[in-house]
Each structure stands twice: as structure tokens, then as C-alpha cells.
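Engineer: Okay, sequence plus prediction incoming.
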There are 2 protein chains.
Amino acid sequence: MKKNSKREQIVDVALKLFYKDGFNATGVEKIRETANVSKKTLYNHFKSKDELILAVLRRRDEQFRNNFMRTVERIGKTPQERLEAVFDACDEWFNSKDFCGCMFINAAAEFTEADNPCHVIAAEHLRLMNDYITGLAKDAGVENPEKLAEQISFLMEGATVQAHVSGDKDAAQKAKAMALVFINQSA
Amino acid sequence: MKKNSKREQIVDVALKLFYKDGFNATGVEKIRETANVSKKTLYNHFKSKDELILAVLRRRDEQFRNNFMRTVERIGKTPQERLEAVFDACDEWFNSKDFCGCMFINAAAEFTEADNPCHVIAAEHLRLMNDYITGLAKDAGVENPEKLAEQISFLMEGATVQAHVSGDKDAAQKAKAMALVFINQSA
DNA sequence: ATCGAGATATACCGATCGGTTTCTTTTGTC
DNA sequence: GACAAAAGAAACCGATCGGTATATCTCGAT
């Protein structure tokens, strides 16, 4: 068994449980038994539950953004198409079977104070997503890439909330239609 | 002491604690001692913590929408102005001292299943907010009030997330600028 | 003045929380 | 095959969880 496989196993399991049931509602014991490891092992890899939560959030950020970028680049071939494809990637996400909203919005909801490490990571995630979109906008050669990226980010986040809270499976396409106004007026 | 004053006292205290610290992270004992009531009294008014949470969410919905509508109608005098004033109301909200995001987005984050009673109330709240905006849009005599209201709702929710997670105090004004595009093109 | 409803404080319940300890077993490395 | 590191099982810790029970007290309506 590889060096980090236990650790990854724990993070994987914790990620699923935290995402579905929330951070505070998920006990360490539940994670331990689901991951099929001993408590010793778990606390061997993580000093505390808080540290595990942080590890999970970092993993999720990496995983999510990688998958998101791959999807955008699969769907859109030109820079302009990719700006629009952001919402098609959201569409796939919103309609995937285990969609439970944005894990970082959820994290910020449970850890409301701005200086909480989990909240900080959540803010960073949104910033990194925004940075990616800014890159796409620059590639598309729009007038004000930062501004357009921010507008697209607002729409993405609104759509994510709508998809999760209200179960609107068409939220991504509605947001896309709105985004087109800004994309076209910037082009 | 009035008939319902104890009950209201408990709901008020629980509302503040749940909003700041989250639902699962706030224990009944903490609520009890903060509200200065006995446990007997608390469970005399609410069968369980879950029932208290539901009571809190209903109270918040009523309180929030009332305050929101009053603010919109204070700031905007004409129907068109009121559509825009929605974002000025958000601005005040985002910059109020105890802003911790939207309590219903937070609730949906902790109770992710769509059929959870708390999640249902959260969805209803967003729908009622949307209904209010639809009314404003109808008053303004726009072409497609339902569509415009939905667009404004998306922008509000995106701004709320941005304001809370990323601490963007200007989120409401950014969303307002975006909304103007849709409002003007609908007028 | 009395009586009952509702409030109080307090102790208690079993379960679970996050986390530690002890001791044994497995495992990869030299 | 020896040895240390890692993992295992399980008991245990004090604290807190949501919720109940008991016994006293306060107070308004009759």
C-alpha cells in the first residue's frame, strides 16, 4: 500500500460526507468507519478535525477547478466559445447526480466569520475561479476582461444558489443567456 | 408578561445564534442560557430543536421580507426606481454590521436534501422574494415581468454570495449595474 | 384565598462529540 | 529474518449533545 493512500482515502471519504451532510453534522467516528481506518491512523494524518476539513477543502478546490477547466475546454474550442462554455460546465455540474451546491458556499455558511481558515479557503476558491475566467476573457480579447469575468462570476454564483436551493435544473442556461448580453457587448 | 413573550424571546435569541454560528453548531443549551429561560420552558414551546429551527426560519422570512420591502419602498418612489432600489436594499444589508450571508442559503447548505423541511422553507423564501420582485416589475409595466424578476433574483443571489464569501462590500452596486442592462432593455 | 398553568432550577438520561491511550498486528526495508 | 514504522482494535477521556423528570415557585383568574 502506497505511502499516501490511507490519507487520500480518508480525505476522499470525508469530502463526500462533508459535502452531503455538512461539516459540523459529520462526526469523526462516521468518517473513520466509512473510510475503514482506525482512529489512530486518522489522527496520525490529521492533528484535528479542523485540519481534516482544511485538507478536504484544498482537495476539493483542486479537483473541482481541474474538472471545470477540462470541461470548459472540451466544450468550447475558441476563446469566445469557452466563455460561454463556463455555463455549460455549470449545467453538467448542476445536473450531476450528487450535486449539493457549491462546497465553498456551504463552508462559508457554516463558518461565517471572515477570518476563519475554512472561510478564507472558500474566498480563495471563488477568487481562483474568477482568475480562470479572467484568463478566458483575455484570450477572447475583450475590452475589460476583469470586469467581464466578475460579471460572469456573479451569474455563476447566482445560478449555483438557484440550482441548489430552489432545485432549478435550468439555472445554468438561464445564467448563460444573461451572460451573453455582457459577452457580446464586450466583444 | 405577555402570553407569547417567552416564545418570541427564545426565537429571537435562537435566530441570532443560528445566523452567526450555524444551525448544527449551536446547541440547545447555549440557546437556553442566552435566552435566560429554563429547558422546560423551551421544550414547552417547541417539541424539538428541529421545530425551533423551523420557527426561526419562518420568523426570519417574515422579518427579512418585511424589512426588505419597506427599504425598497423608502428608497424608490416610482416602480422603475423600486426595481433598482432592490440592490440598494441589498447594499444596506451587505454593509450592516452583523451580515452573515443569506440565512436561507446557509440553511440549504447545512440541510442539503431538497425534501428537508428547512431546505423547503429556504426555497420558499427565495420564491417569495422573487414574487415580490415580479410584482415590482409588473408595476413598472415591463414586457416580461416574470423573466426580469428571475434575472434580478439571480443577480441578487450572486451578489449575496460574493458579499458574504468574498467580503465584497460593493457587490450590490456591481449587481445593480448589471441589472440595469436588463431593466432598461425590458422597459 | 385558592387553584392551576406556566415558569423556575437542577439533576439526570443515553448517545455522541472530538480526541487520547494502550497494546497488538501488519507491513515494507535492510 | 530482524526491525522500525505504520496500522489495527478497543477501551477510555471529559464535554456536550438533544431531551426528560422532579420538585418548587410565581402569578393571574376565579
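Structural biologist: Yep, that arrived.

Engineer: how about the helix ranked longest in chain A against DNA strand C, any contact?
Structural biologist: For chain A, the longest helix by residue count, based on DSSP state H, is helix A:49-75. Yes. Interface with DNA strand C: helix A:49-75 contributes A:Lys49, A:Asp50 (CB under 7 Å from any atom of the strand). C-beta coordinates here come from the backbone N, C-alpha and C atoms, glycine included.

Engineer: Please spell out which residues along that helix are buried.
Structural biologist: The neighbour-count check on helix A:49-75 (16 or more other CB atoms under 10 Å in any protein chain shown) flags A:49, A:52-57, A:60-61, A:64, A:68-69, A:71-72, A:75 as buried.

Engineer: Looks like A:Thr146 contacts A:Gly135 (just checking).
Structural biologist: Heads up, residue A:146 is Glu, not Thr. No. Here A:Glu146 does not reach A:Gly135: they are 10.7 Å apart, not a contact under CB atoms under 8 Å.

Engineer: And the residue in chain A positioned nearest to chain B, what's its pLDDT?
Structural biologist: Minimum separation of chain A from chain B (CB to the nearest CB) falls at A:Gly158, amounting to 3.2 Å. pLDDT recorded at A:Gly158 is 98.

Engineer: and it, what is it in contact with?
Structural biologist: Contacts for A:Gly158 (CB atoms under 8 Å, 6 or more residues apart in numbering or on different chains) come out as A:Ala175, B:Ser153, B:Phe154, B:Leu155, B:Met156, B:Glu157, B:Gly158, B:Ala159, B:Val161.

Engineer: among those residues, which are in reach of DNA strand D?
Structural biologist: Applying CB under 7 Å from any atom of the strand to the contacts of A:Gly158, none is adjacent to DNA strand D.

Engineer: In helices, which of these appear?
Structural biologist: A:Ala175, B:Ser153, B:Phe154, B:Leu155, B:Met156, B:Glu157, B:Gly158, B:Ala159, B:Val161.

Engineer: Which of the residues you listed lies at the shortest distance from B:Glu124?
Structural biologist: Distance to B:Glu124 across those (CB to CB) is lowest for B:Ser153, with 13.6 Å.

Engineer: A:Glu29 - how many residues pack around it?
Structural biologist: Residues within reach of A:Glu29, counting by other CB atoms under 10 Å in any protein chain shown, total 10.

Engineer: backbone phi and psi for the nearest residue to it once chain neighbours are set aside, please?
Structural biologist: Distances taken as CB to CB, 6 or more residues apart in numbering or on different chains put A:Lys39 closest to A:Glu29, at 7.8 Å, once the chain neighbours are dropped. Torsion angles at A:Lys39 (phi, psi; degrees, to the nearest 10) stand at phi -60, psi -40.

Engineer: just checking, A:Lys39 touches A:Arg32?
Structural biologist: Yes. A:Lys39 lies in contact with A:Arg32 (CB under 8 Å); the separation is 5.5 Å.

Engineer: between the two, which one's more packed in?
Structural biologist: More crowded of A:Lys39 and A:Arg32, by other CB under 10 Å: A:Arg32, with 19 against 12.

Engineer: Flag every buried residue along whichever strand or helix holds that one.
Structural biologist: Using DSSP states H and E, the element containing A:Arg32 is helix A:28-35. For helix A:28-35, the neighbour count (16+ other CB under 10 Å) marks A:Ile31, A:Arg32, A:Thr34, A:Ala35 as buried.
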